[in-house]
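> From the sequence below, what's the structure:
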Amino acid sequence: MSYVLYPAVVVLGARLRPRTNAAVDQLPWPSVTVAVAAHNEEATIARCVTNLLDQSYPGPPVQILVGLDGCTDGTAAALEAIQAPLLRVMDLPRMGKATTDNRLVESASTEVVVTTSAGSEFAAGTLELLVAPLRDARVGCATGVFLPRWDRSVASEGEGAYWRVEYAVMAAESQLGILAVASGTALAFRRSLFRPIPADSDADVTIAPTVLINGGLVVHVHDAVVFDDGPGSLRVSLRSRRRMVLRALPTTITMVPRLVRTGHFLAALGLVNHKVFRWLTPLAAVLWAASAAALVLDGSQPYSVLTAALILAGMATAGLVLATSRAGRRATVGLAVAQIAFTLGVLDALRGRRARTWNRDAG
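Here you go, the predicted structure:
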């Protein structure tokens, strides 16, 4: 349902919905702070900050605020070498990305805050494209497109395939006015609508629904592209996605009733189908397979064998079709890794585990 039916319904709904070209009064270009949380990112932080300083923006000069989350490497030294009056660095104890993001937003004084990662690189014009929707007073949050740098690895190709599907759904939800998810690597929001991120959660799953709950729209900007380092290996991809689900699932579940109570029923329904059901699908499939096997062995349900055979045949056919090309094979591997990670992440959440910190090199 979350991989086929929901995407098909929401994309079709977006295409059938009439486009409105009503004129909207444009606010002046807002003041902007780009917030970057970094833990031991000496290899990429200078590239990231230099890229941000090179971005064009027609409004007031853009402030760059970097939060050092307990760095023990040369990240601080790399930043000291950058002579830029618009750059400010906060040296913080190890607190985790969510708490560091909270401190950065609290320290910002601009109307809009843009969040990204320490390994990111904005495509030309991305900052302006990402902030432009916020000139509409109705819009409270804009999210762009994160693309992993292609390094010819199975992990990066699988990651790219996953995100292409993800952004097609997000674009459709945005057009329908029910988008409640965002990419923290390419995210702009009004500081007045921000609420602190729980320490064991992420900006990706808290800021967008919070903006909706507080009366703002969330929009997807397809042309605002941010590149970031891919997982590098399937092992790191598995670990990263597992942690993502562990941090996202509990928060997302709490957001659903809050969206319903504030009149955003369709956004809540979309969030459940887009995220929650997707994370639960692998575990549900395992439970279904076990139940089907039990019925087959019991012999009490004559149609269970046929049903199981048809579903397995459909899955096998889809796998064979994808396996006919190199890209298809790699996308299949990426999807399989994601399903394993989702299952492990859900089990972690059910066991009450929490994850507040992340070390990219520990994968």
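> How about residue 241: what's its closest non-neighbour residue?
residue 341 (3.5 Å; Cβ to Cβ, 6 or more residues apart in numbering). All C-beta spots, glycine's among them, are computed from the backbone N, C-alpha and C.
> Three-state assignment for the one you found, please.
helix (DSSP: H, G, I helix; E, B strand; the rest coil).
> centroid residue for this protein?
residue 183 (3.5 Å; Cα atoms, centre = their mean).
> hang on, that one is in a helix, isn't it?
No - secondary structure of residue 183 (three-state DSSP): coil, not part of a helix.
> gap between the residue nearest to residue 241 and residue 244?
According to Cβ to Cβ, to the nearest Å, residue 341 and residue 244 sit 8 Å apart.
> any low-confidence regions in the stretch 51-200 of the chain?
Applying pLDDT under 70 to the stretch 51-200 of the chain flags the ranges 150-162.
> so which helix or strand takes in residue 105?
Using DSSP states H and E, residue 105 falls within helix 97-107.
> number of nearby residues for the residue nearest to the residue nearest to the centre of the chain when sequence neighbours are not counted?
Nearest residue to residue 183, sequence neighbours excluded (Cβ to Cβ, 6+ apart): residue 146, at 4.6 Å. By the criterion of other Cβ atoms under 10 Å, residue 146 has 23 neighbours.
> check contacts around residue 146.
By Cβ atoms under 8 Å, 6 or more residues apart in numbering, the residues touching residue 146 are 163, 183, 185, 186, 226, 227, 228.
> just to revisit the earlier point, wait, the residue nearest to the centre of the chain touches residue 141, no?
No - if you go by Cβ atoms under 8 Å, residue 183 and residue 141 don't touch, sitting 11.1 Å apart.
> hmm, back to that, and the pLDDT at the residue nearest to residue 241?
pLDDT for residue 341: 86.
> Number of residues surrounding it?
Burial of residue 341 is recorded as 22 neighbouring residues (other Cβ under 10 Å).
> Make 467 the starting number, not 1.
I'll keep to 467 as the first residue from here, and by that count the last item is residue 807.
> what's the closest non-adjacent residue to residue 651?
residue 612 (4.3 Å).
> Can you list the neighbours in contact with the helix or strand encompassing residue 533?
Under the criterion of DSSP H and E, residue 533 resides in strand 529-535. Here strand 529-535 makes contact (Cβ under 8 Å, 6+ apart) with 497-505, 511, 515, 518-519, 541-542, 545, 550, 552-558, 560-563, 566-567, 569-570, 573-574, 576, 584, 823.
> where's that strand relative to the chain centroid, distance-wise?
The chain centroid and the centroid of strand 529-535 are separated by 20 Å under Cα atoms, centre = their mean, to the nearest Å.
> Now do it against helix 563-573, angle only.
Relative orientation of strand 529-535 versus helix 563-573 (axes from the mean of the first three to the mean of the last three Cα atoms, to 10 degrees): 140 degrees.
> follow-up on the earlier one: pretty sure the residue nearest to residue 649 is in a strand, no?
Yes - the assignment for residue 612 is a strand, going by three-state DSSP.
> show me where the protein has helices.
471-482, 511-519, 541-546, 563-573, 592-597, 620-642, 669-679, 700-727, 731-737, 743-764, 770-788, 792-816 (DSSP state H).
> okay, those in CSV with distance to residue 580 next?
Output for the helices of the chain, formatted as CSV (distance: least, Cβ to Cβ, whole Å):
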stretch, distance to residue 580
helix 471-482, 26
helix 511-519, 9
helix 541-546, 18
helix 563-573, 11
helix 592-597, 6
helix 620-642, 18
helix 669-679, 11
helix 700-727, 21
helix 731-737, 23
helix 743-764, 27
helix 770-788, 36
helix 792-816, 27
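> Perfect, I'm done here.
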